[in-house]
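**Q** My questions concern the predicted model and sequence given below.
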Amino acid sequence: MKPTGPIPPAFARQRGELTIAGRGAEEWAAALGTPAFVYDGAVADAQVARFRAAFPGVDLHYAIKANPFAPLVARMAGLVDGLDVASAGELRLALAHKAAGAISFAGPGKRTEDLEAAITAGATLNLESEGEAERALDAGERLGIRPRVAVRVNPDAELRGSGMRMGGRPSPFGVDADRAAALVRRVIAGGADWRGFHIYAGSQALDAGAISDMQAATVALAGRLADEASAAPPLVNLGGGFGVPYFAGDRPLDVEAVGERLAETLGTRADVLADSRFAVELGRWLVAECGVYLTRIVDRKESGGETFLVTDGGLHHQLAASGNFGTVVRRNYPLAVAARMSAEPEEVASVVGCLCTPLDRLGDRVLLPRAEAGDLIAIFLAGAYGASASPAAFLGHPAAGEVLA
């Protein structure tokens, strides 16, 4: 038997049938079919409110890559100060819901047409290299538009305990810290509208102390680079890194402690940053807990003394829950038999998908109430890096339904 992660608080205390945004799981399944993602917007709203309370005076940006479902993006756009995108497609989506001045475009490998689209729209380009900076300046000159640019910095420290480390090592992301000030001077001299720094060290961290230490180092780095460049940044994007508890033993991040430490850090920041605004860029932490993936058992079978619950879903919709999205050791996401949230567990079973590959395993030898063909399985924390981060075309199965409630 292998443990599952903790069910998010919005659903953990439920008894009987799982309800999402006031409607039962079977009602959602009847309306959408299965498999389907159901997002409870009120859960995401509560995360935004919690951030606002913990980080007064700090801007909040939503990273669309976490979940680009258009109705959810529209909702988040009305709650946050900025949207962060990582492709021309995400840029188009963001522009439908937010003014260009509140949108930033990050990511290596931006094509010339991507740069031109951002410059034409008036979005901020987070420059990932000197070469990209030159192409952006050239594009601005061709278009007759002063490009809005920020310099993404590859910091010289990493975020301890993060699931994905993006700083403190050679990286395709950002300009190494020892070259960043020179690049700031170059883009200013080239006529660009310099909007500040984007400094992102890692993601999926649950250690408040580690995040706070990284934020303090980031603010200090921004001050040092600004002094070297002789230019005060209008905005310092501190990145994010806030994690959610996916697996057994994970403990929720103490966001209030992070907010308290950041306030102290900003209170002693360098003089060159006195008039700078600061932003935290979040995706997963804002929306992961609002989503539930519902998939129906189509077969119950025994093999070699083990029980398999075969569902109509799988890794083609919810890759991360299968352990195939950056996880080194496969561990179980929180899941439940949707009709029996309060029932005592009776058996160990593996929840597997419908794909013809042994990788398609959504729950590995988990302790569950007895479930039969026709029952719904609910997989939690499906609001981030779910449908859009999964190989939906693999083996030609239908796409999952999605709804924002």
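**A** Structure received. Residues are numbered from 1 along each chain as shown.
**Q** in the chain, what spans have low per-residue confidence?
**A** 157-171, 328 (pLDDT under 70).
**Q** Now with 50, please.
**A** The chain contains residues with pLDDT under 50 at 159-164, 166-167.
**Q** most residues in a single strand of it, which one?
**A** strand 291-303 (DSSP state E).
**Q** How many neighbouring residues does Y293 have?
**A** Neighbour count for Y293, taken as other Cβ atoms under 10 Å: 27. C-beta coordinates here come from the backbone N, C-alpha and C atoms, glycine included.
**Q** quick one: S342 and E17 touch, right?
**A** No: between S342 and E17 there is no contact under Cβ atoms under 8 Å: 9.5 Å.
**Q** Look at these two and report which has more neighbours.
**A** E17 (16 against 11).
**Q** Where do the strands of the stretch 1-150 of the chain begin and end?
**A** Using DSSP state E, counting those that start in this stretch, the strands of the stretch 1-150 of the chain run over residues 19-20, 23-24, 36-39, 59-63, 82-85, 103-105, 124-127, 148-154.
**Q** hey, C-alpha coordinates of the longest one in CSV?
**A** The one in question is strand 148-154. Output in CSV follows, covering the C-alpha atoms of strand 148-154 (Å, rounded to 0.1, in the frame of the first residue of the first chain):
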residue,chain,number,x,y,z
ARG,A,148,8.8,47.6,-23.3
VAL,A,149,11.4,45.3,-21.9
ALA,A,150,12.5,43.8,-18.6
VAL,A,151,15.7,41.8,-18.0
ARG,A,152,15.2,38.3,-16.7
VAL,A,153,18.1,37.4,-14.4
ASN,A,154,19.4,34.0,-13.8
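**Q** partner strands of that strand, parallel or antiparallel?
**A** strand 124-127 (parallel), strand 175-176 (parallel), strand 193-199 (parallel) (DSSP bridges).
**Q** Show me the contact partners of that strand.
**A** Strand 148-154 is contacted from outside by 101, 104, 106, 119, 122-128, 133, 136, 166-167, 171, 173-177, 180, 183-184, 187, 192-200, 221, 225, 233, 235, 237, using Cβ atoms under 8 Å, 6 or more residues apart in numbering.
**Q** which among the residues you listed end up buried?
**A** Taking 16 or more other Cβ atoms under 10 Å as the criterion, what is buried in the contacts of strand 148-154 is 104, 106, 119, 122-128, 133, 136, 166-167, 173-175, 177, 180, 183-184, 187, 192-200, 221, 225, 233, 235, 237.
**Q** ok so, going back, could I get the buried residue list for the next helix-or-strand element following the longest strand of the chain?
**A** Once the chain leaves strand 291-303, the next helix or strand it forms, by DSSP states H and E, is strand 306-311. Buried residues in strand 306-311, counted by 16+ other Cβ under 10 Å: T307, F308, L309, V310, T311.
**Q** got the angle between the longest strand of the chain and strand 306-311?
**A** 140 degrees (axes from the mean of the first three to the mean of the last three Cα atoms, to 10 degrees).
**Q** So which bits of strand 291-303 are buried?
**A** For strand 291-303, by 16+ other Cβ under 10 Å, it's G291, V292, Y293, L294, T295, R296, I297, R300.
**Q** Throw the residues you listed into TSV and include distance to D213, thanks.
**A** As requested, those are arranged in TSV below (distance: Cβ to Cβ, whole Å):
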residue	distance to D213
G291	30
V292	34
Y293	34
L294	39
T295	40
R296	45
I297	45
R300	49
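**Q** neighbouring contacts of the host helix or strand of E402?
**A** Following DSSP H and E, one finds E402 within strand 401-404. For strand 401-404, the surrounding residues in contact (Cβ under 8 Å, 6+ apart) are 28, 31-39, 41, 69, 71-72, 75, 387.
**Q** Generate a ChimeraX selection restricted to the buried entries among those.
**A** Buried residues within the contacts of strand 401-404, by 16+ other Cβ under 10 Å, are selected in ChimeraX with:
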select :28,32,34,35,36,37,38,39,41,69,72,75,387
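**Q** How about the backbone phi and psi for the closest residue to R370 other than its chain neighbours?
**A** Leaving aside its chain neighbours, R370 sits nearest to E346 (4.7 Å; criterion: Cβ to Cβ, 6 or more residues apart in numbering). With angles defined as degrees, to the nearest 10, E346 sits at phi -120, psi -20.
**Q** if we can go back for a sec, so which of the strands paired with strand 148-154 gets nearest D59?
**A** Evaluated over these, closeness to D59 peaks at strand 193-199, with 11.3 Å, by Cβ to Cβ.
**Q** Tell me how far the closest residue to A31 other than its chain neighbours lies from A29.
**A** Sequence neighbours aside, V403 is the residue nearest to A31 in space, at 7.8 Å (criterion: Cβ to Cβ, 6+ apart). Taking Cβ to Cβ, to the nearest Å as the measure, V403 and A29 are separated by 11 Å.
**Q** Among the two, which residue is more densely surrounded?
**A** A29 (19 against 16).
**Q** from what I can see that one touches F37, true?
**A** No: in this structure A29 lies outside contact range of F37 using Cβ under 8 Å: 11.7 Å.
**Q** shared neighbours of the two, anything?
**A** L294.
**Q** could the strands paired with strand 148-154 go into CSV alongside distance to V58?
**A** Below are the strands paired with strand 148-154 laid out as CSV (distance: least, Cβ to Cβ, whole Å):
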stretch, distance to V58
strand 124-127, 18
strand 175-176, 24
strand 193-199, 14
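**Q** Compare these and report which one is nearest to A399.
**A** When these are ranked by proximity to A399 (Cβ to Cβ), strand 124-127 comes first, at 30.9 Å.
**Q** got the contact list for stretch 74-86?
**A** Under Cβ under 8 Å, 6+ apart, the answer for stretch 74-86 is 41, 44-45, 48, 59-65, 73, 91, 93-94, 96-98, 102-107, 123, 237, 279, 281, 286-287, 404.
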